[in-house]
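Visitor: How does the following fold in three dimensions:
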Amino acid sequence: MKIARPIGQLSQVLVAAPAYLARRGTPKTPHDLARHNCLDPNGNASSSWELTKRDETTTVRVGGTLRTNGTLIVRRAAVVGLGIALLREYLVADNLRNGTLVRVLADYDMGKRTVYLVYQKNIYQPRRIKVFTDYLTSRMAENDRP
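Guide: Next up, the predicted model:
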C-alpha cells in the first residue's frame, strides 16, 4: 500500500521582462492578456488561464508564439522579453529578486498546486525516509512563506 502525504503547495505567478512590458504595455485587467504574447509551459498554442481576485474568478483565453512543455525554456523566453509567462513562483524567485522579471497582475491569484510525497507503507520505516520526508516538508513550508 502506498501513502500520499501532502507536504505543501506551489504558487503560480504571471511574469514578464520589464523590456517586454515597456514595448507592449502592462496589462491592467485579466482580459488585457488576450492582446499579449502569453507563454504557457503546457505546450499549448492557446489555453485558458484562471485569475482570482477577492473570490471572483476570471477565465481568459490566451495564446502565444512559443509552444513547449519546458518550464525552463518558458522562463528564458520571458527573461529575454518574448512575452508574459505563467510559471511556478519558486522557479522565478531569483529573477523577481534581481529584476530580470516582474510580476504581472500581481493582485490576482493564479492558483496553487498541492505537492504530495508518495511512499510505500511499511511497518518499519527506515530513519533515512523519515529524515528525508521531514526535510522536504520543511523546505515546502519555507517556499510557502510570503
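
Visitor: measure the residue lying closest to residue 53 once chain neighbours are set aside to residue 90 for me?
Guide: The shortest distance from residue 53 to any residue other than its chain neighbours is 4.9 Å, reached at residue 108 (CB to CB, 6 or more residues apart in numbering). To be clear about C-beta, it is placed using only N, CA and C from the backbone, and glycine gets the same treatment. To residue 90, residue 108 is 19 Å away according to CB to CB, to the nearest Å.

Visitor: out of these two, which sits in the busier spot?
Guide: Using other CB atoms under 10 Å as the criterion, residue 108 and residue 90 rank with residue 108 on top: 22 against 15.

Visitor: How about the contacts made by that one?
Guide: Applying CB atoms under 8 Å, 6 or more residues apart in numbering to residue 108 gives the contacts 14, 30, 51, 52, 53, 58.

Visitor: gap between the nearest residue to the last one once chain neighbours are set aside and residue 48?
Guide: If the residues on either side of it in the chain are set aside, residue 58 comes closest to residue 30, at 4.4 Å by CB to CB, 6+ apart. Counting by CB to CB, the separation of residue 30 from residue 48 is 11 Å.

Visitor: Before I go, just wanted to say thanks for your time.
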